[in-house]
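*Asks:* Next one to model:
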Amino acid sequence: MTNALLDSPAESLFTLSAKEKSETARIAEELRSVSNEVDSGSWVAAARSAWEELPVELRRRIREFRRHSGTGGALLVRGLPVGVDALGPTPTVDGSVQRTTSGPSALLLMTACGLGDPVAFRAEKSGALVQDVVPVPGREEFQGNAGSVDLMMHNENAFHGHRPDYVMLLCLRPDHEKVAGLTTSSIREALPLLSAEARDSLARPEFATLPPPSFGSSGGSTSEHAVLTGSSDDPEIRIDFAATEGLTTAASAALTELSSALVRVSHTTRMRAGDLAIVDNRVSLHGRTAFRPRYDGQDRWLQRTFVVKDLKRSRHMRPHDGYVLTR
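*Replies:* The predicted structure follows:
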């Protein structure tokens with residue numbers, strides 16, 4: 001594995017200057033003071049307006065990423081003002097979310113509005129727009145955000161017909177040893193490594209994907225689907241290696257070949273406080289390397305928000321034209 005998020009700055013890394021960081025902190029604080037409720041429609045509307053006030057170069061890089069996410073399908077924004085000195089203890093409760101407005105939640109919601117619209121799923125993390133990604137005692141082996149073992153690579157909510165277009169992960173606090181790595185892998189880089197037979201098989205609807213454990217028993221079932229869809233030269237990918245199975249012998253063999261190719265082109269970065277990773281969920285998979293939590297209030301703490309480009313497509317699942325999908 002390489003550290004492409006760090007080693008390819010022209011495509012995948014943008015670092016705020018001291019002036020840009022200060023200006024972003026001011027705008028985030030002004031937005032935070034507008035409301036106490038992260039999930040209110042009025043605060044999302046305020047975040048959409050505040051986005052337009054962010055530093056020009058930051059907005060330009062995110063707009064460019066929205067148009068084309070590059071060969072790696074991920075962007076790392078470094079140096080965001082997350083207020084490290086003012087952070088409280090890392091949460092340890094399963095299902096922890098951010099309901100009260102804060103500087104980090106303002107950063108996430110403003111960026112979400114620059115990429116499209118924030119969304120959440122009622123069955124996951126109680127439909128909160130800003131969710132904590134933290135280790136939970138007793139859940140170390142869990143294949144999800146509460147665990148601390150290696151997290152298998154996946155597209156977020158791959159089972160869902162309205163899965164997010166982007167996943168945003170904002171690091172508030174790294175793990176103690178600073179060994180936990182965000183792993184990403186893009187189909188754009190893996191595609192040339194696949195045989196013609198594997199490509200053909202992956203494009204057929206011979207796969208099934210179960211909901212992730214975080215959805216509990218409310219996630220519903222999946223219909224048969226293809227793993228690769230769209231343009232044969234630049235396909236979208238839909239897979240969760242912990243939950244997707246091939247329904248034929250050829251499909252299973254293609255999954256094995258795909259897994260090997262994605263591992264060969266995968267990239268890992270150890271996120272610092274103030275790093276925001278934006279993953280193109282239609283092009284790139286993501287996962288996490290293992291780390292050892294101490295449960296002392298200073299463990300790894302990320303916050304997560306999902307984004308869709310076209311909110312209208314899921315209107316029938318969102319009561320009152322809100323931001324939470326109910327199924």
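*Asks:* Distance of the nearest residue to E236 once chain neighbours are set aside relative to S35?
*Replies:* Excluding its sequence neighbours, the residue lying closest to E236 (Cβ to Cβ, 6 or more residues apart in numbering) is R282, at 4.4 Å. C-beta coordinates here come from the backbone N, C-alpha and C atoms, glycine included. Note on R282: its distance to S35, by Cβ to Cβ, to the nearest Å, is 31 Å.
*Asks:* more neighbours, those two?
*Replies:* More neighbours surround R282 than the other of R282 and S35, with 20 against 17 (other Cβ atoms under 10 Å).
*Asks:* What spatial separation is found between the more buried one and Y323?
*Replies:* In terms of Cβ to Cβ, R282 sits 19 Å off from Y323.
*Asks:* go on, S22?
*Replies:* Per Cβ to Cβ, S22 is found 30 Å from Y323.
*Asks:* which one of those two has more residues nearby?
*Replies:* Y323 (21 against 13).
*Asks:* show me where pLDDT drops low in the stretch 101-250 of the chain?
*Replies:* 214, 216-222 (pLDDT under 70).
*Asks:* redo that, cut-off 80
*Replies:* Within the stretch 101-250 of the chain, the segments meeting pLDDT under 80 span 212-222.
*Asks:* Strands of the stretch 51-200 of the chain, residue ranges please.
*Replies:* 74-78, 117-121, 131-133, 151-154, 166-173, 182-186 (DSSP state E, counting those that start in this stretch).
*Asks:* Which elements pack onto the shortest one?
*Replies:* In this case it means strand 131-133. Identification of packing neighbours for strand 131-133 by 3 or more Cβ pairs under 8 Å, 6 or more residues apart in numbering; DSSP states H and E yields strand 301-308.
*Asks:* other SSEs contacting the helix or strand that the strand it packs on is followed by?
*Replies:* Using DSSP states H and E, the helix or strand that follows strand 301-308 in sequence is strand 324-325. In terms of contacts (3+ Cβ pairs under 8 Å, 6+ apart), strand 324-325 is packed against strand 117-121.
*Asks:* quick one, the strand it packs on and strand 301-308 angle?
*Replies:* Per axes from the mean of the first three to the mean of the last three Cα atoms, to 10 degrees, the angle that strand 117-121 makes with strand 301-308 is 110 degrees.
*Asks:* contact partners of strand 117-121?
*Replies:* With Cβ atoms under 8 Å, 6 or more residues apart in numbering as the test, strand 117-121 has contacts from 39, 44, 108-109, 112, 127-129, 131, 157, 160, 162, 164, 215, 305-308, 311, 314, 323-325.
*Asks:* Note down every partner strand of that strand and its orientation.
*Replies:* Neighbouring strands of strand 117-121 in its sheet, by DSSP bridges, are strand 301-308 (antiparallel), strand 324-325 (parallel).
*Asks:* Distance from the longest one to the middle of the chain?
*Replies:* What that stands for is strand 301-308. When distances are taken as Cα atoms, centre = their mean, to the nearest Å, strand 301-308 is centred 6 Å away from the chain's centroid.
*Asks:* the inter-axis angle of that strand versus strand 182-186?
*Replies:* Using the same axes, to 10 degrees: strand 301-308 against strand 182-186 is 30 degrees.
*Asks:* Contacts only, for F291.
*Replies:* P135, S148, D175, E177, V179, A180, R300.
*Asks:* What distance do you get for the residue lying closest to it once chain neighbours are set aside to V134?
*Replies:* Ranked by Cβ to Cβ, 6+ apart and with sequence neighbours excluded, the top spatial neighbour of F291 is A180, at 3.8 Å. Separation of A180 from V134 (Cβ to Cβ) stands at 11 Å.
*Asks:* Does L115 touch I62 like I think?
*Replies:* Yes - look at L115 against I62 with Cβ atoms under 8 Å: they come within range, at 6.5 Å.
*Asks:* overlap in contacts of these two?
*Replies:* I278.
*Asks:* how many other residues sit next to A18?
*Replies:* By other Cβ under 10 Å, 8 other residues sit near A18.
*Asks:* Ramachandran coordinates for it?
*Replies:* phi -60, psi -40 (degrees, to the nearest 10).
*Asks:* on that earlier part again, mean neighbour count and distance to G246 added to the strands of the stretch 51-200 of the chain, as JSON lines?
*Replies:* Output for the strands of the stretch 51-200 of the chain, formatted as JSON lines (neighbours: other Cβ atoms under 10 Å; distance: least, Cβ to Cβ, whole Å):
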{"stretch": "strand 74-78", "mean neighbour count": "24", "distance to G246": "26"}
{"stretch": "strand 117-121", "mean neighbour count": "23", "distance to G246": "26"}
{"stretch": "strand 131-133", "mean neighbour count": "22", "distance to G246": "29"}
{"stretch": "strand 151-154", "mean neighbour count": "20", "distance to G246": "16"}
{"stretch": "strand 166-173", "mean neighbour count": "23", "distance to G246": "25"}
{"stretch": "strand 182-186", "mean neighbour count": "25", "distance to G246": "19"}
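*Asks:* Which strand residues bridge F14?
*Replies:* So, taking DSSP bridges as the rule, F14 has V77 as bridge partners.
*Asks:* What segments of the stretch 101-250 of the chain are helices?
*Replies:* For the stretch 101-250 of the chain, applying DSSP state H, counting those that start in this stretch gives helices covering 103-115, 187-190, 196-202, 249-264.
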